[in-house]
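[1] sequence first, then the predicted structure:
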Amino acid sequence: MTEKVVVIYSGGMDSYTVLNRAIKDGMQVYPLTFDYGQRHVKEIDCAAAVCKSLNVPHKVIDISAINQLLAGSSLTDDIEIPEGHYEEESMKSTVVPNRNMILLSLAVGYAVSVGASKVYYGAHSGDHAIYPDCRPEFVEKMNDVCQIANYEAVEIYSPYLSVSKTAILTDGIAMGLDYSQTWTCYNGREHACGKCGACQERLEAFRDNNATDPLTYEVTA
């Protein structure tokens with residue numbers, strides 16, 4: 001019997017690769033996308049389109065009401081998105097308080113309800129310095145808790161936890177993935193800005209792989 005897994009799928013390039021990695025590994029996937037009031041809501045449209053093309057069950061859950069409690073992030077508040085390289089000081093304003101603990105908790109509940117054994121999510125080493133809830137110690141502790149939080153144990157699984165975005169893209173290219181179906185930019189405009197840290201890191205990953213990013217950018221240098 002095929003193993004069921006829930007995949008936290010934002011619509012960005014990391015979670016897109018995670019989703020396809022799970023499928024490649026023979027899993028029966030249940031992608032779960034959260035609308036938490038992020039300004040780059042375009043990624044949700046990308047996620048929906050990909051899931052439709054893959055013919056997999058996809059849920060988009062509106063949890064934007066939590067922003068009444070979680071303030072201070074440039075991803076959800078009226079705070080300017082930082083530009084420049086993807087580094088700790090410039091990207092701190094993009095931290096959404098406790099985001100991944102909340103999303104993982106909801107995903108684990110969904111996993112229990114559909115009989116899934118794992119929750120996949122796309123934390124990677126490039127996020128460790130900036131986002132505490134993407135670090136190995138966080139994933140390990142969440143995994144420990146999720147073994148005992150319900151009658152059914154659920155594993156928290158991050159297949160790219162110890163590698164860079166460049167390595168994630170390398171794996172995706174090897175799988176023949178089409179990254180025009182993803183959205184990374186923290187600004188929700190028609191084209192990716194090319195200036196924010198997320199765009200900078202994405203473009204760097206493509207350069208490192210000697211590949212061309214299929215997205216259109218307002219600025220590419």
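    Perfect, I can see it now.
[2] burial of residue 208, as a residue count?
    Using other C-beta atoms under 10 Å, residue 208 has 14 other residues around it. All C-beta spots, glycine's among them, are computed from the backbone N, C-alpha and C.
[3] so which elements touch the longest strand anywhere in the chain?
    In the chain, with assignment by DSSP state E, the single longest strand is strand 28-35. The helices and strands touching strand 28-35, judged by 3 or more C-beta pairs under 8 Å, 6 or more residues apart in numbering; DSSP states H and E, are strand 4-8, helix 13-24, helix 42-54, strand 59-62, helix 99-114.
[4] kindly reformat the ones you listed as CSV containing mean neighbour count and distance to residue 143.
    Below are these laid out as CSV (neighbours: other C-beta atoms under 10 Å; distance: least, C-beta to C-beta, whole Å):
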stretch, mean neighbour count, distance to residue 143
strand 4-8, 24, 14
helix 13-24, 23, 16
helix 42-54, 17, 24
strand 59-62, 14, 22
helix 99-114, 19, 9
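[5] would you turn these into a markdown table with mean pLDDT?
    Below are the helices and strands packed on strand 28-35 laid out as a markdown table (pLDDT from 0 to 100):
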| stretch | mean pLDDT |
| --- | --- |
| strand 4-8 | 98 |
| helix 13-24 | 97 |
| helix 42-54 | 95 |
| strand 59-62 | 95 |
| helix 99-114 | 94 |
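[6] out of these, flag the one nearest residue 171.
    helix 13-24 (6.3 Å; C-beta to C-beta).
[7] on that earlier part again, where's the longest strand of the chain relative to the chain centroid, distance-wise?
    11 Å (C-alpha atoms, centre = their mean, to the nearest Å).
[8] what's the neighbour count on residue 11?
    Neighbours around residue 11, by other C-beta under 10 Å: 26.
[9] looking at the helices and strands packed on strand 28-35, spot the one closest to residue 216.
    Of these, nearest to residue 216 by C-beta to C-beta is helix 42-54, at 12.6 Å.
[10] the closest one versus strand 4-8: what angle between them?
    Helix 42-54 runs at 150 degrees relative to strand 4-8, counting by axes from the mean of the first three to the mean of the last three C-alpha atoms, to 10 degrees.
[11] dump helix 42-54 to CSV, restricted to CA.
    Backbone C-alpha positions of helix 42-54 (Å, rounded to 0.1, in the frame of the first residue of the first chain) are rendered in CSV as follows:
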residue,chain,number,x,y,z
LYS,A,42,0.9,34.8,-6.2
GLU,A,43,2.7,31.7,-4.8
ILE,A,44,-0.7,30.2,-3.8
ASP,A,45,-1.9,30.5,-7.4
CYS,A,46,1.3,28.7,-8.6
ALA,A,47,0.7,25.9,-6.0
ALA,A,48,-2.9,25.5,-7.2
ALA,A,49,-2.0,25.3,-10.8
VAL,A,50,0.8,22.7,-10.2
CYS,A,51,-1.5,20.5,-8.1
LYS,A,52,-4.2,20.6,-10.8
SER,A,53,-1.6,19.6,-13.4
LEU,A,54,-0.4,16.7,-11.2
